[in-house]
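> Mind looking at a prediction? Sequence and model below.
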Amino acid sequence: MFSNHQTDPSITAKLIKIAATKDVPPGQAAVFTVERQRIARFNVEGTYYAIGDTCTHRSGSLLEGAVQGTKVTCPWHGADFDRKTGAALGPPAQNGVPSYKVVIEGDDIKVEV
Ligand code: FES
């Protein structure tokens, strides 16, 4: 189990606005397609996290999964992922999903891709 957080300094990252903070109140989530990547963004008690939306088991949408604390459960077969890091926490998924740095600039929510 691991997280795929994009930390390779040789990759040039860019910040892309995906929403306004008022559009995602605490406890809410949304999915965006950025640079051809489906990214699920969660507001966990006022802090924003962004991870890949596509389950690494058989491509269920994590946005549609049940959440409990920092955990999201894939709606298809029950794999658990950490909403902060994307790490796989339980089977049947063997690998985590990517995680993305979230930056708040004014009223904008941006992700680093
Ligand atoms: S598709 Fe997510 S657990 Fe199977």
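Cool, got the structure. Numbering: from 1, shown residues only.
> contacts, neighbours, all on C-alpha from now
OK.
> Specify the local secondary structure of the residue nearest the centre of the chain.
Nearest to the mean C-alpha position of the chain, by Cα atoms, centre = their mean, lies I51 at 1.8 Å. Three-state call for I51 (DSSP: H, G, I helix; E, B strand; the rest coil): strand.
> Next one: the nearest residue to it once chain neighbours are set aside from G106, what distance?
Residue nearest to I51 in three dimensions, not counting chain neighbours: S99, with 4.1 Å by Cα to Cα, 6 or more residues apart in numbering. From S99 across to G106, the span is 22 Å (Cα to Cα, to the nearest Å).
> try Q37
For Q37, the distance to G106 - Cα to Cα - is 24 Å.
> and the two? which has more neighbours close in?
Q37 (13 against 8; other Cα atoms under 10 Å).
> Bridged to the residue nearest to the centre of the chain, which residues?
Going by DSSP bridges, I51 is paired in beta bridges with A40, S99.
> CA atoms only: put whichever strand or helix holds I109 into CSV for me.
Using DSSP states H and E, I109 falls within strand 108-112. This file holds the C-alpha atoms of strand 108-112, laid out as CSV (Å, rounded to 0.1, in the frame of the first residue of the first chain):
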residue,chain,number,x,y,z
ASP,A,108,-9.9,29.9,-5.5
ILE,A,109,-9.1,26.2,-4.9
LYS,A,110,-6.2,25.1,-7.1
VAL,A,111,-4.5,21.7,-7.5
GLU,A,112,-0.9,21.1,-8.5
